[in-house]
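Engineer: coords below, sequence missing:
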């Protein structure tokens, strides 16, 4: 459905100055029964870049993430991963049942054993060092997101895939989490793929937005995407406008030409 | 003075309870109680299968449970119906077929109550060999796959991204349950066998701060239930299998009064 792709995804040669490519999906198609969940989707993430996948509920965001993570095989299309790519992942639906007694320290070492001082270090990096000996079900939603992030960081990831990393967190605390994610990217230089249905804060926290509605509606820097007619059709012109203003105020980004500017240029 | 048959009953019950407790913890955590019920309800069909093949009821039941576990795993993979619906259909369909089969076989009809509620006092030496052989094998496999199974239980996709073989451990876990349900059938019967998995695990929950504590606790509570239940049946002349489950249920009820860990107030 090529007509749906208003803004063509960036070609590799246009971005040759960008960092090392970490993961690249080309022409992904996936159907459940007769329904196209993914319809010729292209997607890539580069080292040092925060890419946000936005779209309404049921638009295929999580399915695309599952394909990129290798959890689901696409019907057609390819996923290329950099050799020995290490992926850190925080799932959307991480809810720990009260019937399972599990401390935060134990949760962090479910994949493999890690000495306690490294656990404290990882929890310190995400600002959750105080909960190391708490049961997982007794910490708050925001703390749970941070703990999940710490588990992802313990894998020394090249790529972080964060599925709805602020879901269920107070709006006043959401900005803190996005700041944290940006700091982690700056410090570690990993690539970050955020998946979000919330538009407000995530727009300010991201280098590149991919707007998905089973196919890629539009992609580019946040300022460009919110002006895109496809984006406005999907989310409503008024929301797009308020986002544009929000973004404008935050970044003093006066680029109105609409030309693609390398995201790295404005990376803080 | 303890008779041989009573000693065999205690040993057999202990063997099943000690391994059912830790397996039962995963049944609680993974919300797979219906799966255990589906397996146990297929036992009568297994008895008929055993008779048809010239095998003992225990072996027939175990084979049937393994087959039903594989069937459920295959049906779940198709995702046509919710899991609990699949299990409900398999459980009651298999029970109905089993009742028909047993009803048609004159030689089995008299034993129906034994299959439904167990016949622990009739446990023989061969049964003990089967129970302890299965318990040791299941224990070894469970220990070997403890970490990936626990990780997949907490979050399957996260475990898979980290490289855990989640599909394999899930199937293996289902087969372990099938094995223990099969050899444990003689202890409390098909109607009560799942309780040996669930009730000790649930009782251990409030007394535990780690998954391992809960697993050992469930094994211990199951063992105590077997011994106290059998003694009660001896001195009070109550049916043995149900007495074991009644003791486990009383222990569970008592743990509800336990204060447990209070939730930390978090910001």
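Structural biologist: Here it is on my side, so go on. Treat the numbers as computed from the prediction; the structure is a model and nothing was measured.
Engineer: Residue B:239 reaches residue B:232, doesn't it?
Structural biologist: No - between residue B:239 and residue B:232 there is no contact under Cβ atoms under 8 Å: 10.2 Å. C-beta coordinates here come from the backbone N, C-alpha and C atoms, glycine included.
Engineer: contacting residues around the closest residue to residue A:166 other than its chain neighbours?
Structural biologist: If you skip the residues right next to it in sequence, residue A:166 has residue A:174 as its closest partner in space, 4.3 Å away by Cβ to Cβ, 6 or more residues apart in numbering or on different chains. Residues in contact with residue A:174, defined by Cβ atoms under 8 Å, 6 or more residues apart in numbering or on different chains, are A:166, A:198, A:201.
Engineer: what's near enough to touch residue A:54?
Structural biologist: So residue A:54 contacts A:61, A:196, A:197, A:199, A:202, A:209, A:210, A:211, A:212 (Cβ under 8 Å, 6+ apart).
Engineer: Check the gap between it and residue A:198 for me.
Structural biologist: 8 Å (Cβ to Cβ, to the nearest Å).
Engineer: so residue B:11 touches residue B:125, yeah?
Structural biologist: No - Residue B:11 is not in contact with residue B:125 according to Cβ under 8 Å; the separation is 10.0 Å.
Engineer: Between these two, which has more neighbouring residues?
Structural biologist: Per other Cβ atoms under 10 Å in any protein chain shown, whichever of residue B:11 and residue B:125 has more neighbours is residue B:11, with 17 against 10.
Engineer: What values do phi and psi take at the residue nearest to the more buried one when sequence neighbours are not counted?
Structural biologist: Using Cβ to Cβ, 6+ apart and skipping the chain neighbours, the partner closest in space to residue B:11 is residue B:128 (5.9 Å). Per-residue torsions, residue B:128: phi -60, psi -40 (degrees, to the nearest 10).
Engineer: So for residue B:128, what's the pLDDT?
Structural biologist: Model confidence at residue B:128, expressed as pLDDT, equals 95.
Engineer: In chain A, where is pLDDT below threshold?
Structural biologist: A:1-18, A:240-268 (pLDDT under 70).
Engineer: Would you map the strands across it?
Structural biologist: Assigned by DSSP state E, the strands in chain A fall at A:21-32, A:35-46, A:50-54, A:76-81, A:87-90, A:159-163, A:191-196, A:208-213, A:215-220.
Engineer: interface residues of chain B facing chain A?
Structural biologist: Residues of chain B lying close to chain A (Cβ under 8 Å from any Cβ of the partner chain) are B:28-29, B:31, B:147, B:150-151, B:153-155, B:157-164, B:202, B:205, B:208-211, B:213-214, B:261, B:263-264, B:266-267.
Engineer: contact partners of the lowest-mean-pLDDT helix or strand in chain B?
Structural biologist: For chain B, the helix or strand with the lowest mean confidence is helix B:106-109, at a mean of 78 (criterion: mean pLDDT, DSSP states H and E). Here helix B:106-109 makes contact (Cβ under 8 Å, 6+ apart) with B:47, B:48, B:51, B:102, B:103.
Engineer: Buried ones in that helix, by neighbour count?
Structural biologist: residue B:108 (16 or more other Cβ atoms under 10 Å in any protein chain shown).
Engineer: What's the local residue count around the spatially closest residue to residue B:124 that is not a sequence neighbour?
Structural biologist: Leaving aside its sequence neighbours, residue B:124 sits nearest to residue B:8 (Cβ to Cβ, 6+ apart; 6.9 Å). Residue B:8 has 18 neighbours, counted by other Cβ under 10 Å.
Engineer: Mind giving me the packing neighbours of the helix or strand harbouring residue B:8?
Structural biologist: If you go by DSSP states H and E, residue B:8 is part of helix B:4-29. Applying 3 or more Cβ pairs under 8 Å, 6 or more residues apart in numbering or on different chains; DSSP states H and E, one finds that helix B:4-29 makes contact with helix B:33-41, helix B:125-144, helix B:146-154, helix B:166-188, helix B:193-205, helix B:211-236.
Engineer: hmm, try it at 10 Å
Structural biologist: helix B:33-41, helix B:125-144, helix B:146-154, helix B:166-188, helix B:193-205, helix B:211-236, helix B:240-256 (3 or more Cβ pairs under 10 Å, 6 or more residues apart in numbering or on different chains; DSSP states H and E).
Engineer: If anything else comes up later, I'll come back, but that's it for now.
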